[in-house]
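Visitor: Have a look; sequence and predicted model below, questions after that.
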Amino acid sequence: MRVFLPALLGFAATAPLRAAETSSVASVTAESPPSSSSEVTDLLERFVNWLHGFFPGIDQGLFQWIACGVLLVAAVLLRHFITNIIFHYLKKLASKTETTLDDKLFPALEGPTATFVMVLGIFAALTVLKLSPQLDLWVSGGAKIAALAVILWGLIRAGAALLSHLEEIAHERHMTVATFMPLIKKTLFVFAVIFGALVIAQSQGLPVQSFLAGLGIGGLAFALAAQDTIANMFGSLVVVLDQPFKVGDTVKIGANEGKVEDIGLRSTKIRTGARTQIVIPNKTVASEAITNFTRMPQRRVDQTLGLTYDTTPDQLEAVMQDIRGILRADEGVHKDTIVVAFSNYGASSLDLQLVWFATDPDWARHMAVRERINLKILRAVAAHGLSFAFPTQTMLFDGPVAKQWAGRKT
């Protein structure tokens with residue numbers, strides 16, 4: 001690795017010099033400026049000459065190809081050693097530790113590391129060949145792009161493993177940030193890819209700084225053309241910072257109500273009670289009033305019971321007392337707020353107002369408690385010989401026409 005890595009990094013700088021130099025190593029040393037890249041070239045050349053010393057009868061040009069093959073075989077063997085021995089030992093060691101970070105990190109780095117070794121081996125092997133100046137330039141550019149791409153790949157996989165570990169910790173500790181970890185992963189991945197692309201472009205001599213400066217001029221036009229997209233991205237940032245809900249919460253956003261299924265960079269998806277999916281732009285989410293039903297500590301129940309007007313005051317007091325006892329005795333009712341009161345003289349009933357809270361805000365479980373309470377109230381009303389009122393209306397007819405109709409009936 002100490003030979004291959006400097007060889008790769010110094011290859012691009014020494015490619016034009018090697019294309020113009022003679023086959024003599026001494027002349028290369030004399031003509032090249034004393035720098036780290038020339039030292040790398042000298043190191044590789046000495047390596048080839050050292051190997052050639054064992055086979056003096058082989059032509060120099062042919063032996064360069066032999067040295068190229070030796071380097072490729074060495075890279076394959078080194079890759080095999082790293083993946084099958086070193087990483088096997090590291091993963092075995094990680095399984096004995098308490099943390100799960102190393103269990104994710106070592107497998108994530110195994111592929112990029114093995115690929116990086118092969119990239120170094122391939123381009124180190126090409127370094128010992130006497131290529132044309134044009135091929136030297138192509139190989140130099142390919143070496144930089146391949147090495148930077150593999151390094152970027154390794155960093156992304158390592159970062160993903162770290163974020164997955166943090167997500168597990170957040171879930172274990174019931175932290176709200178766990179819901180937004182997929183969104184954070186997507187955002188960091190996008191920025192990592194953009195940054196890597198800029199670094200690769202810079203390594204190829206492209207005017208990245210001029211491009212970035214030009215973004216200031218074209219940024220206004222881009223912002224006008226993509227204002228909805230930018231507004232949605234800022235909306236997702238607001239959702240991440242304020243955390244008004246998380247995946248799995250039942251919410252009402254504007255006129256839309258349902259269970260949150262996904263929070264993305266552009267939109268939030270909720271599943272309605274009718275099992276349809278609604279996609280809401282994040283700019284709408286950020287500007288609308290949000291009702292989070294999942295975060296209710298209890299669910300309020302407000303009922304009106306109407307008893308018939310032939311109910312006596314004593315009967316009314318007795319049935320209200322029974323209803324209070326039913327609510328206090330039920331384990332599904334929160335005991336802090338229980339209201340049972342004779343509230344109003346209705347058009348066709350004596351109205352009782354019931355206000356209480358279910359201890360479990362879940363809709364299905366709250367409905368089960370509500371059903372149990374309603375059945376007990378129904379039995380209590382029947383036990384007192386009372387009945388619920390229903391809308392009735394009495395019409396009185398008077399006058400000559402009414403009397404005439406009444407006379408006909410008689």
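Guide: Great, that's in hand.

Visitor: Show me the helices in the chain, by range?
Guide: Assigned by DSSP state H, the chain shows helices spanning 4-20, 25-31, 36-54, 60-81, 87-94, 101-127, 133-172, 181-203, 208-225, 227-242, 282-287, 313-329, 363-383, 400-409.

Visitor: out of those, which comes closest to Gly254?
Guide: Nearest to Gly254 among the helices of the chain is helix 282-287 (7.0 Å), distances taken as Cβ to Cβ. The way it works is simple: take the backbone N, C-alpha and C, and place the C-beta from them, glycine included.

Visitor: Now tell me what touches the closest one from outside.
Guide: With contact meaning Cβ atoms under 8 Å, 6 or more residues apart in numbering, helix 282-287 is reached by 228, 231-236, 238-239, 253-254, 264-268.

Visitor: can you check stretch 192-212 too?
Guide: Contact with stretch 192-212 is made by 141, 144-145, 148-149, 152, 155-156, 159, as judged by Cβ under 8 Å, 6+ apart.

Visitor: Tell me the one of these nearest Phe189?
Guide: Nearest to Phe189 among the contacts of stretch 192-212 is Ile156, at 6.6 Å by Cβ to Cβ.

Visitor: Against Gly142, how distant is the closest one?
Guide: Noted for Ile156: a distance of 21 Å to Gly142, by Cβ to Cβ, to the nearest Å.

Visitor: Out of the helices of the chain, point me to the one whose mean pLDDT is lowest.
Guide: The stretch with the lowest mean pLDDT among those is helix 25-31, at a mean of 36.

Visitor: Just confirm Thr308 contacts Gly385, I think it does.
Guide: No - with contact defined as Cβ atoms under 8 Å, Thr308 does not count as touching Gly385 (10.9 Å).

Visitor: higher neighbour count, the two?
Guide: Neighbour count, other Cβ atoms under 10 Å: between Thr308 and Gly385, Thr308 has more, with 14 against 8.

Visitor: Count the residues that sit near the closest residue to that one other than its chain neighbours.
Guide: Nearest residue to Thr308 in three dimensions, chain neighbours excluded: Ala389, at 4.5 Å (Cβ to Cβ, 6 or more residues apart in numbering). By other Cβ under 10 Å, 19 other residues sit near Ala389.

Visitor: Equivalent analysis for Leu237, please.
Guide: Using other Cβ under 10 Å, Leu237 is surrounded by 15 other residues.

Visitor: Next: the one 10 residues further on.
Guide: By the other Cβ under 10 Å criterion, the neighbourhood of Val247 contains 17 residues.

Visitor: wait, what's in contact with it?
Guide: By Cβ under 8 Å, 6+ apart, the contact list for Val247 reads 179, 260-263.

Visitor: before we move on, what about Lys91?
Guide: Listed by Cβ under 8 Å, 6+ apart, the contact partners of Lys91 are 103, 106-107.

Visitor: so which of the residues you listed is the most crowded?
Guide: When neighbours are taken as other Cβ under 10 Å, the top entry among the contacts of Lys91 is Phe106 (21 neighbours).

Visitor: just checking, Glu168 touches Thr99?
Guide: No - Glu168 is not in contact with Thr99 according to Cβ under 8 Å; the separation is 10.4 Å.

Visitor: how close does Leu198 sit to Leu72?
Guide: 32 Å.

Visitor: would you turn the contacts of stretch 192-212 into CSV with distance to Leu327 and neighbour count?
Guide: As requested, the contacts of stretch 192-212 are arranged in CSV below (distance: Cβ to Cβ, whole Å; neighbours: other Cβ atoms under 10 Å):
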residue, distance to Leu327, neighbour count
Gly141, 79, 15
Lys144, 75, 21
Ile145, 73, 15
Leu148, 69, 18
Ala149, 68, 18
Leu152, 63, 18
Leu155, 60, 15
Ile156, 58, 17
Gly159, 54, 15
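
Visitor: For these, could you give me TSV that also reports distance to Asp336?
Guide: Formatted as TSV, the contacts of stretch 192-212 follow (distance: Cβ to Cβ, whole Å):
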residue	distance to Asp336
Gly141	73
Lys144	69
Ile145	67
Leu148	63
Ala149	62
Leu152	57
Leu155	54
Ile156	52
Gly159	48
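
Visitor: and the protein, what are its domains?
Guide: As assigned by automatic domain parsing, the chain contains the domains 4-174, 234-292, 299-383.

Visitor: want to throw those into TSV with distance to Val190?
Guide: Below are the domains of the chain laid out as TSV (distance: least, Cβ to Cβ, whole Å):
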stretch	distance to Val190
domain 4-174	11
domain 234-292	8
domain 299-383	37
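
Visitor: Tell me which of the ones you listed approaches Gly399 most closely.
Guide: domain 299-383 (25.2 Å).

Visitor: Run the chain-centre distance for that closest one.
Guide: 45 Å (Cα atoms, centre = their mean, to the nearest Å).

Visitor: next one: stretch 188-201
Guide: Chain-centre distance of stretch 188-201: 19 Å, with Cα atoms, centre = their mean.

Visitor: What residues of it count as buried?
Guide: 192, 196, 200 (16 or more other Cβ atoms under 10 Å).

Visitor: Other residues contacting the lengthiest strand in the chain?
Guide: The longest strand of the chain (DSSP state E) is strand 333-345. By Cβ under 8 Å, 6+ apart, the residues outside strand 333-345 that reach it are 298, 304, 316, 320, 323-324, 327-328, 350-359, 369, 373.

Visitor: Now, of those residues, which are buried?
Guide: Buried among these by 16+ other Cβ under 10 Å: 298, 316, 320, 323-324, 327, 350-352, 354, 356-359, 369, 373.

Visitor: Send me stretch 119-127 as PDB with only the CA atoms.
Guide: C-alpha atoms of stretch 119-127 as PDB (Å, rounded to 0.1, in the frame of the first residue of the first chain):
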ATOM      1  CA  VAL A 119      -7.600   0.600  -8.500                       C
ATOM      2  CA  LEU A 120      -4.100   1.300  -7.000                       C
ATOM      3  CA  GLY A 121      -2.800  -2.000  -8.500                       C
ATOM      4  CA  ILE A 122      -4.200  -1.300 -12.000                       C
ATOM      5  CA  PHE A 123      -2.800   2.200 -12.300                       C
ATOM      6  CA  ALA A 124       0.500   1.300 -10.600                       C
ATOM      7  CA  ALA A 125       0.800  -1.500 -13.200                       C
ATOM      8  CA  LEU A 126       0.200   1.000 -16.000                       C
ATOM      9  CA  THR A 127       2.700   3.400 -14.500                       C
END
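
Visitor: All good on my end, thank you.
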